[in-house]
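Asker: I need the structure of the sequence given here:
(2 chains, ligands or ions: 4)
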Amino acid sequence: MNEMVKINVNGIEIQADNNKLLIEACEDSGIHIPRFCWHKRLDPVGMCRMCLVEVDTPRGKALVPSCTTKVTPNLVVDTESEVVKKAQEGVLEFLLINHPLDCPICDKAGECPLQDQTVSYGPGESRFVEEKRHFEKPISISEIILLDRERCILCARCTRFSDEISGDPLIEFVQRGNKTEVNTFPNEPFRSYFSGNTVQICPVGALTSTSYRFKARPWDLKATTSTCNGCTVGCTVELNASQNKMLRILGVDNDSVNQGWLCDKGRYNFEFLNNQSRLKESLEKVNEKFEIISNKDLINKLKNKILNNENKVKFLLGTNLTNEEYAAFNEFSALISKSKSDFYLSDDYLFNGYFEKNISLATFNNLDTADTIVIWSEDIKENLPILYLRVRQAVKNGTKLIILGHNNSTLKDIASDFYSSDIIDENFELKVQPENLKNLKDAVIGKNVTAIIGKSSPYQNKKSLDLLVSFLNENSNLSLLNSFSKGNSFGAFQNLDSVKGLPDLCKDFEEDLPEVLFIVGADPIGSSVLTNKITSILEKINCIVSLDLFIHQTNELANYVVPMNSTVSEKEGTFTNIEFRSSKINKITPSPGKALSENEFLSNLLSSLGKSTDFLSVHELNTKVAENNFNQVNKITFDELDKPSNFDGIISGKEVNINCTFFIEDKSLYYVGRKLYGDSVTQRNSQSISILGSKKYIQANLSTIKTLDLEAGKCYIEQNGLKLSSELIINENIPDGLIYFPINRRNFVKYNFAEKINISNISNEDILSVQ
Amino acid sequence: MSWDKKLINQANKIIKQYPQKRSALGPLLHLAQSKDGYISDDSIEVISELIGITEVQVKSVSTFYSMYKQEPTGKYLISVCKSISCEISNSSDVIKKVQEITGLNNNETDEEGIFTFEKVECIGACGGAPAIQINYETVEGMTPESTESLFNWLKENQPKVIVADILQEKFGGTRSFEWGIKDNSGTIASVPGFQNFNTVGESK
Ligand code: SF4
Ligand code: SF4
Ligand code: FES
Ligand code: FES
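Answerer: Ligands and ions are numbered 1, 2, ... in the order given. Have a look, this model is predicted:
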């Protein structure tokens, strides 16, 4: 049981939590004990001995590591005695024996715990005159992480993180004694989705990222706290910029959300901001070519288009806008057209979800208190990475995990049941009623259940999901997360009056083609499985206005392209995550070129139309969004979001406006899904991670490959004149007879998955000629 | 997989003895050592697959312990004790002799792949110092002379199985006491003879 007990530290009595370690309890009371290996979110190991303190024992005073000593009542501790100081000096002198002290060329210098603690607690000089040990200066242990073994102090933070937290222990200590080093197995690089965290928690400059290496000095960085909009988890981040350039993103420990961790995509998918090919001017298409147009002329031209077609203006929005921007578009559309407008959101996995009043919606913390977690959704490791870590954490602490569907096989090892092809067919329909699944029944009836529910594939119908959800809702104390995974989707649901999906767009536009279509931060042609249909529809529209960061496959079809600010670091606003948690998005770098913010653009357009634009002031929007979302529940204003007490974000009102009527009608013959890394516009333009999403491959299990008379290795994928070379990889977790396509790899969405796709091996001779 | 059926079966038998697969790591590494005379990356891949931990985790353990060799050993691993009891009983002369005969420095293997020589810390035979091990089979009470005969015998006969008692009888001096297992059937590679891991010679 947690209990506060009295302990005496440095002659002062303090209250300490008897469940905590001494080092943490002291920290709670403002007494800092130096440390290298101990990290709040990792299991203690007592490797570095930097945290030695003196405690009173029945046999007199003794030096103990405070990171492995639990608080006990009436413990008497000295953290500053002569003996402790001597011990600290000794530890540091030893640590520095083999340390290269190349601070002048080390990225960590200036924010390095080894540097800082040597200054505060070190001996001042070294008696070591012998030669230090040497290693090859940085070796790359993955495409994005470098390791300088000379700098490593063997604290095991990185190895423990990858074992305990991310569950992909691809780095470990090898050798022994003086020769010990962190390393990977040859040909098995540290390819983890979470590798950037090890760089952040390494207490020295041993681990560095290709992204930030040699880019800046910490003392030159500006910093602000913000929210990652990479997926609907909405991790709390610190943005670092210097000279108006974004240079780094760090994870911030938000106890309710990401607990300090970030996925590598969230961490590194910002480099596109500084990319040369970013749009900086508005463009107009003249004779099939884009030409620069001034913002003033652009507004004038658009004004006329809109005036003539008031009711035929539609909006196709991406998922990376702020709540304020969604609200602005909502108001804008209401002002310019007489009928209520629908907004189409560019996400193949969108459907109406489970937001009914009788279903209670979950927060991440419910995962920790649940008896059972049930997942039937997209692959959460690929699409909601930090939620994946939270699930792993909960299971580690004793929660049961049950998985349905063929996704999420990386959680198979820790799941008590993994219902795949025996129970669920290739179209993600249940073959068995949920109540007939004995283990599921036992694990949920009368229990606290948190479910993560969403479509497993763009083609999945919701019939079976309905069955499962109503079974869970009737039989357990259910809390549910709707696993829509893209960006600020939940902000869109809250702040737009009516949200529809791409199948709706196809149906609606086939009946009634809009005259003017605004496409904002969306590239459905490059990302949706409906790409062929959407292309033919967009080609027919007279006036497409695209607001975006880059030219891509979709806005190549546009008549006007307007440069936009990025949500990563160029605007202020709010974000709503999958738990309906509202938090701040902050600005740290200026807009590039002549980019306007969405509000500026819209209000210019409105005033040219002679309409009032008051509501488009930043302040009005902030107030409105606050009212709309979190203020009703908590009476918290926009400005108050920045208060420390609201640091975790505010769980806001859970009203959503999703009005999808259509599903994709075709049945897919293939198993499709999205990977963390892919060919998105932003990732393509982020140098250090672009390569991670570029490899084309498909997967199947060995028996399927054999039945198809194929071999693992290079292959061609061919359909209707589209022929791509790819790799066929064996994956035994793919159900029999299915071939898996990661649809966010370049051009994969162009295949029609409802029809047969020819796959053939490439012979060696072919490979030569291809090269 | 680069392990043959027989070895895999052997491995699976060992794994079954433990409640958790990964606990079988130590003995499996001995198996790998008996196969190649060192822990090859190939074997590491096999073991990682068999017990469900990553390759680098296997590597971490295998490089920590000095008895799991990282380089191929010769047919006979000669370990001569250099610790204190042996040292005061003239182990340095024995060491010199071994080096003279084999021409090897510490931790080296000859070109023919017959001998690997290493100096080791106390091997628990202080009472019969100086002591020496051939493929972990101990002989006590060695002198430079008996060392020479031992090597001549090894070279001439190249025995498949090394058994401590036989060596002791032929070449050893005073024995500290009757130690070791009864019916010791010896070792067949540079790895200790474990009855239940099948790294022993033919049963007598
Ligand atoms: S690389 Fe860094 S985090 Fe990893 S053990 Fe070395 S010092 Fe610690
Ligand atoms: S998990 Fe999602 S919100 Fe968190 S860092 Fe990754 S992309 Fe960003
Ligand atoms: S912090 Fe306690 S031993 Fe490292
Ligand atoms: S000192 Fe050589 S065996 Fe103990």
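
Asker: Just give me the neighbour total for residue 84.
Answerer: No chain in the question, so chain A it is. One way to gauge burial is a neighbour count; for A:Val84, by other C-beta atoms under 10 Å in any protein chain shown, it gives 21. All C-beta atoms are positioned from the backbone trio N, CA, C, and that covers glycine.

Asker: wrong chain, I was asking about chain B
Answerer: If you count neighbours by other C-beta under 10 Å, B:Ile84 ends up with 13.

Asker: Where does A:Thr198 sit: helix, strand or coil?
Answerer: A:Thr198 falls in the helix class when you classify it by DSSP: H, G, I helix; E, B strand; the rest coil.

Asker: Tell me the secondary structure at the nearest residue to it once chain neighbours are set aside.
Answerer: Counting by C-beta to C-beta, 6 or more residues apart in numbering or on different chains, A:Thr198 lies nearest to A:Cys158, which is 3.8 Å off, once chain neighbours are set aside. Here A:Cys158 is recorded as helix under three-state DSSP.

Asker: hang on, A:Cys158 packs against A:Pro203?
Answerer: No: the criterion here is C-beta atoms under 8 Å, and A:Cys158 misses it with A:Pro203 at 10.0 Å.

Asker: Now do the same contact list for the residue nearest to A:Thr198.
Answerer: Taking C-beta atoms under 8 Å, 6 or more residues apart in numbering or on different chains as the definition of contact, the neighbours of A:Cys158 are A:Ile171, A:Val182, A:Thr198, A:Ile201, A:Cys202, A:Leu207.

Asker: dump the residue contacts of residue 103.
Answerer: As the question left the chain open, I've gone with chain A. For A:Cys103, the residues meeting the contact criterion (C-beta under 8 Å, 6+ apart) are A:Ala109, A:Cys112, A:Gln115.

Asker: meant chain B, my bad for not saying
Answerer: Residues B:Asp110 are the ones in contact with B:Gly103 under the rule C-beta under 8 Å, 6+ apart.

Asker: Report the separation between it and B:Leu150.
Answerer: Note on B:Gly103: its distance to B:Leu150, by C-beta to C-beta, to the nearest Å, is 16 Å.

Asker: cool, A:Ile375 as well?
Answerer: With distances taken as C-beta to C-beta, A:Ile375 is found 65 Å from B:Leu150.

Asker: before we move on, what SS does A:Thr574 have?
Answerer: If you use three-state DSSP, then A:Thr574 falls in the strand class.

Asker: Can you tell me who it pairs with across the strands?
Answerer: For A:Thr574, the beta-bridge partners are A:Lys584 (DSSP bridges).

Asker: What helix or strand is B:Ala11 located in?
Answerer: With elements delineated by DSSP states H and E, B:Ala11 resides in helix B:5-16, which encompasses its position.

Asker: Show me which positions of the helix or strand that that helix is followed by end up buried.
Answerer: Using DSSP H and E, the helix or strand that follows helix B:5-16 towards the C-terminus is helix B:25-36. Residues of helix B:25-36 classed as buried under the neighbour-count rule (16 or more other C-beta atoms under 10 Å in any protein chain shown) are B:Leu25, B:Pro27, B:Leu28, B:Leu29, B:His30, B:Leu31, B:Ala32, B:Gln33, B:Ser34, B:Lys35, B:Asp36.

Asker: neighbouring contacts of helix B:25-36?
Answerer: Helix B:25-36 has contacts (C-beta under 8 Å, 6+ apart) with B:3, B:7, B:10-11, B:14-15, B:39-40, B:43-44, B:46-47, B:50-51, B:53, B:58, B:61-62, B:65, B:67-69, B:72, B:188-192, B:194, B:197-199.

Asker: same check, this time on stretch A:94-102
Answerer: Under the contact criterion C-beta under 8 Å, 6+ apart, stretch A:94-102 has outside partners A:36, A:48, A:50, A:114, A:118, A:122, A:126, A:128, A:132-133, A:150-151, A:153, A:178, A:204.

Asker: what pLDDT, on average, does that stretch get?
Answerer: The pLDDT scores in stretch A:94-102 average 95.

Asker: Could you do stretch A:302-312 as well?
Answerer: For stretch A:302-312, the mean per-residue pLDDT is 86.

Asker: circling back to that earlier point, report the buried residues of the helix holding B:Ala11.
Answerer: Applying a neighbour-count criterion of 16+ other C-beta under 10 Å, one finds B:Leu7, B:Gln10, B:Ala11, B:Ile14, B:Ile15 buried in helix B:5-16.

Asker: What of stretch A:599-617?
Answerer: A:599-606, A:608-609, A:613, A:615-616.

Asker: Serialize these to JSON lines and add fields for pLDDT and secondary structure.
Answerer: Below are the buried residues of stretch A:599-617 laid out as JSON lines (pLDDT from 0 to 100; DSSP: H, G, I helix; E, B strand; the rest coil):
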{"residue": "A:Asn599", "pLDDT": "81", "secondary structure": "helix"}
{"residue": "A:Glu600", "pLDDT": "84", "secondary structure": "helix"}
{"residue": "A:Phe601", "pLDDT": "89", "secondary structure": "helix"}
{"residue": "A:Leu602", "pLDDT": "89", "secondary structure": "helix"}
{"residue": "A:Ser603", "pLDDT": "86", "secondary structure": "helix"}
{"residue": "A:Asn604", "pLDDT": "88", "secondary structure": "helix"}
{"residue": "A:Leu605", "pLDDT": "89", "secondary structure": "helix"}
{"residue": "A:Leu606", "pLDDT": "88", "secondary structure": "helix"}
{"residue": "A:Ser608", "pLDDT": "88", "secondary structure": "helix"}
{"residue": "A:Leu609", "pLDDT": "86", "secondary structure": "coil"}
{"residue": "A:Thr613", "pLDDT": "81", "secondary structure": "coil"}
{"residue": "A:Phe615", "pLDDT": "79", "secondary structure": "helix"}
{"residue": "A:Leu616", "pLDDT": "79", "secondary structure": "helix"}
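
Asker: which residues sit against the longest helix anywhere in chain B?
Answerer: The single longest helix within chain B, with elements called by DSSP state H, is helix B:144-157. Applying C-beta under 8 Å, 6+ apart, the set of residues contacting helix B:144-157 from outside is B:76, B:93-94, B:96-98, B:101-102, B:114, B:132, B:134, B:139, B:142, B:167, B:170-173.

Asker: in terms of contact count, name the helices or strands touching the helix or strand following it.
Answerer: Once helix B:144-157 ends, the next helix or strand along the chain (criterion: DSSP H and E) is helix B:164-171. Here helix B:164-171 is seen to pack against strand B:137-139, helix B:144-157 when contacts are counted using 3 or more C-beta pairs under 8 Å, 6 or more residues apart in numbering or on different chains; DSSP states H and E.

Asker: Could the C-alpha coordinates of helix B:164-171 be exported in CSV?
Answerer: This file holds the C-alpha atoms of helix B:164-171, laid out as CSV (Å, rounded to 0.1, in the frame of the first residue of the first chain):
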residue,chain,number,x,y,z
ALA,B,164,40.9,-36.9,-16.7
ASP,B,165,41.5,-40.2,-14.9
ILE,B,166,43.4,-41.6,-17.8
LEU,B,167,45.6,-38.5,-18.1
GLN,B,168,46.2,-38.4,-14.4
GLU,B,169,47.2,-42.1,-14.4
LYS,B,170,49.6,-41.6,-17.4
PHE,B,171,51.1,-38.2,-16.7
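
Asker: what's the offset of it from the middle of its chain?
Answerer: Here helix B:164-171 is found 16 Å from its chain centre; the criterion is C-alpha atoms, centre = their mean, to the nearest Å.

Asker: For it, list every residue counted as buried.
Answerer: For helix B:164-171, a neighbour-count test (16+ other C-beta under 10 Å) marks B:Ala164, B:Asp165, B:Ile166, B:Leu167, B:Gln168, B:Phe171 as buried.
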